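Enquirer: turn this into a model:
(chains A and B)
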Amino acid sequence: MAERLKVHVNPDKCQGHARCKALAPELFDLDEYGNAHEAGDGIVPPGLEDKAWLAKSNCPEIAIDVIEE
Amino acid sequence: MSDVNQPAAHPPVTDWVHDFDHTDPQWTEDPFPIWDQLRATSPVVHTKRFLGCYLPTTYEAVREIANDTEHFSSRRIIVRDVRPEVARNAAPPITSDPPEHKPAKQLLLPPFTPDAMKKLEPRVRAICNELIDEFIADGKVDAAARYSKYIPVRAIAHMLGIPESDSDLFIKWIHMILELGIKDESKLLQAVQEMTAYFSGHIEARKNKPTDDLISYLTNARGKDGNPLEDSHVLGSLRLLLIAGIDTTWSAIGSSLWHLAKTPSDRERLIAEPGLIPTAVEELLRAYSPVTMAREVVKETTISGCPVKSGNMVLLSFPAANRDPKMFPDADKVVIDRRENRHAAFGLGIHRCVGSNLARMEMQVALEEWLKRIPDFRLDPAGTVTWSQGTVRGPRQLPFLLGKAM
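Expert: Numbering: from 1, shown residues only, chains lettered A, B, ... in the order given. Next up, the predicted model:
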């Protein structure tokens, strides 16, 4: 079986470009300032793996980690 | 935009590597080969013009500078012929350094989140259609002068709570500050004075009678000390929103339409797959990034191995960074379905554009509405496309023929 993925936003690097929220709205949430954090515990539901990698590879601040568990 | 005084002339550039000038007509017309040449020479180049200025040419060098607020200050953000005294509260937070930057930025962020932009979207869609109604029957149009120019200015006027009909006044101020002001200080001061007088009236009115708009939001906001902001801070931020929110997105929409006018295959694909428009907008932002920022070197350091001395300005070219082939495969091509796109059109680091969500929404809506109603258009061979000079690059004259070619 494929490994489970988890996303994590590094809050010190995020500058609120909000690309992750546009590309993977199921996996990320924004705070009142528009800065991102992972939705819930960051576990990527099956079928959304591609969106997780897409969010990571479009973050201009390199603030997103995709962790293979 | 009447301007009788010619700005001070700069000698034409013959040696781009040692004597670059972002106001040279060659740069204005077609900067991309110049950036490629400079990037091939060094990650950082220098000119003696503008009292001394560096230009980082690679994505990495631009990122290093954007993330280094210790050696690079934002107190001056336009590279000009002169370095007058820095005004306090010039245009916070864009002209602020840490630690003042963060509270000033946090104040402006909530009204510009993606959710806030969704509420504004119907008005922007209506503005686009009102503009198209005015020229669609003519068969031809200057799309810069009659479409791209008015979308952002009316949207920001709507947000601020000032009459959309004052648009031409705001456009005049911005031209005086960002273009004429590079070489003619008096134009810049005159524009700032006029803007201050205009907004002071609106601020006073809202102190007595708050309304549901951005001017009221700022006038009634509290600083980190719990006290209302000084009037100069409110005025500076209003100045920033107007200056930064208008000709930037005007340029981005114009460049996008220019690209689509001369690239029928991309146009046809976006009409067939409108869901691709947001991805295409990112690529158009990368390829034709309108905004070049600046920093002032306040402490000697090294960038990508190149020594950088204090007292010089830095032309922080996000557009050149976005054309770096080390970062973007096929950097010189517009790939409208590019999947990986870490472009820096809205800056990098703490000064990420406050209005990026607004600009993205405006670009998407402007292209969607245009393509829905005008699927066929092309450059008018009888006209000339002209580009703005200096800090913000985009078409200022964009003559199109509308409808299928005969």
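Enquirer: show me what from chain A comes close to chain B.
Expert: A:15-18, A:21-22, A:30, A:32-34, A:54, A:57-62 (C-beta under 8 Å from any C-beta of the partner chain). (Each C-beta comes from the backbone N, C-alpha and C, glycine too.)
Enquirer: buried subset of the residues you listed?
Expert: A:15-18, A:21-22, A:30, A:34, A:54, A:57-61 (16 or more other C-beta atoms under 10 Å in any protein chain shown).
Enquirer: now for the residues you listed: which two are most distant?
Expert: Using C-beta to C-beta, those reach their maximum pairwise distance at A:Gly34 and A:Ser57, which is 20.5 Å.
Enquirer: low-confidence stretches in the stretch 301-406 of chain B?
Expert: Low-confidence segments of the stretch 301-406 of chain B, defined by pLDDT under 70: B:406.
Enquirer: ok, which stretches of it are strands?
Expert: In chain order, the stretch 301-406 of chain B shows strands spanning B:301-303, B:306-308, B:313-316, B:377-379, B:386-387, B:395-397, B:399-402, with DSSP state E, counting those that start in this stretch as the criterion.
Enquirer: can you check chain A too?
Expert: A:5-9, A:28-30, A:36-38, A:64-68 (DSSP state E).
Enquirer: next, the buried residues of the first one.
Expert: Within strand A:5-9, the residues that qualify as buried are A:5-7, A:9, counting by 16+ other C-beta under 10 Å.
Enquirer: try the last one
Expert: By neighbour count on 16+ other C-beta under 10 Å, the buried set for strand A:64-68 is A:64, A:66.
Enquirer: what's the offset of the top helix by length along chain A from the middle of its chain?
Expert: What stands out as the longest helix in chain A, according to DSSP state H, is helix A:49-57. Centroid separation for helix A:49-57 versus its chain: 7 Å, with C-alpha atoms, centre = their mean, to the nearest Å.
Enquirer: can you give me the helices in the stretch 1-150 of chain B?
Expert: Counting by DSSP state H, counting those that start in this stretch, the stretch 1-150 of chain B has helices at residues B:16-19, B:25-29, B:32-41, B:59-66, B:101-108, B:114-135, B:143, B:150-160.
Enquirer: by how many degrees do the fourth one and helix B:32-41 diverge?
Expert: Relative orientation of helix B:59-66 versus helix B:32-41 (axes from the mean of the first three to the mean of the last three C-alpha atoms, to 10 degrees): 90 degrees.
Enquirer: quick one: list the elements packing against helix B:59-66.
Expert: Helix B:59-66 sits against strand B:53-56, strand B:301-303, strand B:313-316, helix B:318-321, with contacts defined as 3 or more C-beta pairs under 8 Å, 6 or more residues apart in numbering or on different chains; DSSP states H and E.
Enquirer: return the residues in contact with A:Glu61.
Expert: A:13-15, A:17, B:348-349 (C-beta atoms under 8 Å, 6 or more residues apart in numbering or on different chains).
Enquirer: mind putting these in CSV, distance to B:Asn89 included?
Expert: Shown next, in CSV, are the contacts of A:Glu61 (distance: C-beta to C-beta, whole Å):
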residue, distance to B:Asn89
A:Lys13, 29
A:Cys14, 27
A:Gln15, 23
A:His17, 26
B:Leu348, 25
B:Gly349, 22
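Enquirer: what's the closest of these to B:Ala87?
Expert: Nearest to B:Ala87 among these, with distances taken as C-beta to C-beta, is B:Gly349, at 23.3 Å.
Enquirer: skipping adjacent residues, who's closest to the closest one in space?
Expert: Closest residue in space to B:Gly349, ignoring its immediate chain neighbours: B:Ala66 at 4.2 Å, by C-beta to C-beta, 6 or more residues apart in numbering or on different chains.
Enquirer: hmm, who's touching the longest helix of chain A?
Expert: A:2, A:5, A:7, A:19-20, A:23-24, A:26-28, A:44, A:64-66, B:339-340, B:342.
Enquirer: from chain A, how far off is B:Ser148?
Expert: Note on B:Ser148: its distance to chain A, by C-beta to the nearest C-beta, to the nearest Å, is 22 Å.
Enquirer: state the pLDDT value of that residue.
Expert: Looking at B:Ser148, its pLDDT stands at 97.
Enquirer: do B:Pro84 as well
Expert: So B:Pro84 comes in at 83 (pLDDT).
Enquirer: can you count the residues close to B:Ser256?
Expert: Look at B:Ser256: counted by other C-beta atoms under 10 Å in any protein chain shown, it has 27 neighbours.
Enquirer: and it, what are its phi and psi?
Expert: Note on B:Ser256: its backbone torsions stand at phi -60, psi -50 [degrees, to the nearest 10].
Enquirer: so who does it touch?
Expert: Applying C-beta under 8 Å, 6+ apart to B:Ser256 gives the contacts B:281, B:284, B:288, B:363, B:366-367.
Enquirer: try 10 Å this time
Expert: Contact partners of B:Ser256, counting by C-beta atoms under 10 Å, 6 or more residues apart in numbering or on different chains, are B:148, B:266, B:277, B:280-281, B:283-285, B:287-288, B:334, B:363, B:366-367, B:370, B:394-395.
Enquirer: same check, this time on B:Leu189
Expert: Residues near B:Leu189 by C-beta under 10 Å, 6+ apart: B:84, B:176-177, B:181.
Enquirer: same thing but 6 Å
Expert: Not one residue lies near B:Leu189 by C-beta atoms under 6 Å, 6 or more residues apart in numbering or on different chains.
Enquirer: ok, now B:Ile336?
Expert: B:266, B:280, B:283.
Enquirer: if I look at it, how far off is B:Leu285?
Expert: Distance of B:Ile336 to B:Leu285, given as C-beta to C-beta, to the nearest Å: 12 Å.
Enquirer: ditto for B:Asp225
Expert: 38 Å.
Enquirer: next one: B:Leu379
Expert: 21 Å.
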